[in-house]
Every structure is written in structure tokens, then in C-alpha cells.
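[1] give me the fold of what follows.
(2 chains)
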Amino acid sequence: MIVATWNLNSIKMRLAQLLDWLAQHQPDIVCLQEIKTTDENFPAQALAQAGYRSAVAGQKTYNGVAILTRQASTPEPTALQINIPGYEDPQRRLLAATVGDLRVVNTYFPNGQAVGSDKYTYKLSWIEALSNWLHSQLAAHPKLLLAGDFNIAPEPEDVHDPQAWEGRILYSDPERAAFKALLSLGLQDSFRLFEQPERSYTWWDYRNLAFRKKMGLRIDHILLSAALAKQCSACTIDIAPRKNEGPSDHAPVMVRLMP
DNA sequence: ATGGCCCGTAGAACGGGA
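    Okay, the predicted model is just below:
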């Protein structure tokens, strides 16, 4: 089984690329972030024709997440959860679903804008609320997968120039500590379970030829509970879509899970 | 390097992204 995550930066702009990518890789479950549209305007019909169900937590203009499940290989998702229970938030940043024995938590972490800003405070409080909720989710669901755009580069090797990024948004110590706190719940960074190429990133600024210069950050992740980590045989970043005409600034990440 | 690029909402620039 393949589970993937991809921040599309508008599903409207990227629908054709998404359909191409689905046809090429036939992932079983896909977590999408920054769909930037409402439930009503989500292209569920085009995706259904491509063989995928859509579960959507949409929002006009900003944010918005969705989980696609492949009709041919997965059961109907159940126990849908929009946003973190008990955490009041008009922004749509979390969608969880149970697919078979798998609990899928799709997340779009706040960006934080700048260290010390109101949005930074929101980011840290949002992650803390997520952590608290995940603690009970993990107790209820041994096979839990936390995927999405975390907007955190956890380690120096996840940043093209760690010295330049020191203390800055996406790489500040409190953000990295919050990421470690998620791991300490019993989650593992699937990407680091395997040997990986140097300078592996999932996001590159649109400006200044950042992709070509390999000036990126690894901020999109798939974390696995212990039971799932045992089943995981690969985790890869697919940089091919970043070479498309009019790409998302994020690349998809995918894991293979053995039965 | 102050910003460069891209999206949605606008109906021109601007907020937001990272």
C-alpha cells in the first residue's frame, strides 16, 4: 500500500498535474494540503472518474485539506474528523479518517510567518493541541499515520543552509522542539528510517531558481506509529512534479507499507 | 539583498505563503 502527502498550493491550478500523478503512481491514500477551495468547489467528480473518493475539509481562499482514497484498493473511510477536537479554529488544517485498520491524520501546520509574531504563537499552540489530541488517538489506534505539511524542518540536514536559517521561521528551536515532542509520543519520521540522498527536500521557493540550485527545506513529512513503522519498506520524495510547467512549490512524499 | 515568485480575490494591488 502506498500513502502519499502533497501540498498542492491550489487544487484548481494543479488538478491536471494531480490526475497525471495519480495515474502514474496509483497511490492508495493521498493527503492533500492547501487545496484553497471550498467543499462545493472541490473537483470530486474528476477525481471519482480517476478512481478516487474525496473526503474534504475545505476553506475559501486559504488552507483546506483533503484525503483521497483509491476505490479499487481501500474501504470507504470512516470516523472523519475535521480539525482538532476542542481547539476552536476557523481555519481548515486537519482532516483525519480511518481507512481499514489505518488511522490517517492529514495536517497543514500553520506557517508561523515570523518568529515572535501572533501567527507564530498560533502555530505553537496549534501544534500543542495536536500533540494532546494525538496522544489519545495513538492509544485508540495502534496503526496511526500523521502526514502533511508540517512547516518545520526538524534537523540541520533538512535545510540547505542551516546557518542562514538558524532561529528563523520553519527552523527555530521552539518549532523543532515541538516536532521532537510529536516524535516522543511514539511516532517515527519515516523518511529517516532509510538511507536517503543528500540534500533531500520537499519545498523550494519559487523565486531565485531555488529548485535548480537545490536550495530547499524538508518540511513535508509522514510520521508513523511503532506498529506502522515496522510495516514501512520505503519513504521517498518525488521531485518530478516540481519540474512540471507551473508546479506546486512542494513535492509529494510517499511511503510504502507492507501488509 | 531591500526582493525576486505564485495563489486567490480582486477587478488593482495585497495578504499569505515559506
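[2] and residue A:246, what pLDDT?
    The model reports residue A:246 with a pLDDT of 94.
[3] I'd assumed residue A:15 was in contact with it.
    No: between residue A:246 and residue A:15 there is no contact under C-beta atoms under 8 Å: 11.5 Å. Where you see a C-beta, it was placed from the backbone N, CA and C, and this is true even at glycine.
[4] settle it for me: which of the two has more neighbours?
    More crowded of residue A:246 and residue A:15, by other C-beta atoms under 10 Å: residue A:15, with 15 against 8.
[5] over to that one. Which of the three states is it?
    Following DSSP: H, G, I helix; E, B strand; the rest coil, residue A:15 is assigned to helix.
[6] quick check: residue A:196 vs DNA strand B, distance?
    Counting by C-beta to the nearest atom of the strand, to the nearest Å, the gap from residue A:196 to DNA strand B is 19 Å.
[7] just residue A:75 next, same as before
    Applying C-beta to the nearest atom of the strand to residue A:75 and DNA strand B gives a distance of 31 Å.
[8] swap in residue A:33?
    Taking C-beta to the nearest atom of the strand, one finds residue A:33 at 7 Å from DNA strand B.
[9] what's the burial count for that residue?
    Residue A:33 has 30 nearby residues by other C-beta under 10 Å.
[10] and for residue A:129?
    Counted with other C-beta under 10 Å, the neighbours of residue A:129 add up to 18.
[11] so which residues of the stretch 51-200 of chain A form strands?
    Taking DSSP state E, counting those that start in this stretch, the strands of the stretch 51-200 of chain A run over residues A:52-57, A:65-70, A:78-82, A:94-99, A:102-108, A:144-149, A:187-189.
[12] residue A:158: which of these is closest?
    Across the strands of the stretch 51-200 of chain A, residue A:158 has its closest neighbour in strand A:187-189 (9.6 Å, C-beta to C-beta).
[13] circling back to that earlier point, closest one to residue A:212 among the strands of the stretch 51-200 of chain A?
    strand A:144-149 (22.1 Å).
[14] parallel or antiparallel, list what pairs with that closest one.
    strand A:102-108 (parallel), strand A:220-225 (antiparallel) (DSSP bridges).
[15] include mean pLDDT, mean neighbour count and distance to residue A:236 when you put those into CSV, please.
    Formatted as CSV, those follow (pLDDT from 0 to 100; neighbours: other C-beta atoms under 10 Å; distance: least, C-beta to C-beta, whole Å):
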stretch, mean pLDDT, mean neighbour count, distance to residue A:236
strand A:102-108, 98, 24, 18
strand A:220-225, 98, 25, 10
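[16] in a markdown table: these, plus distance to residue A:234.
    Formatted as a markdown table, these follow (distance: least, C-beta to C-beta, whole Å):
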| stretch | distance to residue A:234 |
| --- | --- |
| strand A:102-108 | 17 |
| strand A:220-225 | 11 |
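[17] closest to DNA strand B out of those strands?
    strand A:102-108 (7.4 Å; C-beta to the nearest atom of the strand).
[18] please save the CA atoms from that closest one in CSV.
    Output of strand A:102-108 as CSV, limited to C-alpha atoms (Å, rounded to 0.1, in the frame of the first residue of the first chain):
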residue,chain,number,x,y,z
LEU,A,102,-5.2,2.6,9.4
ARG,A,103,-5.8,5.9,11.2
VAL,A,104,-4.8,8.7,8.8
VAL,A,105,-4.3,12.2,10.1
ASN,A,106,-3.7,14.8,7.4
THR,A,107,-2.4,18.1,8.6
TYR,A,108,-1.5,21.5,7.3
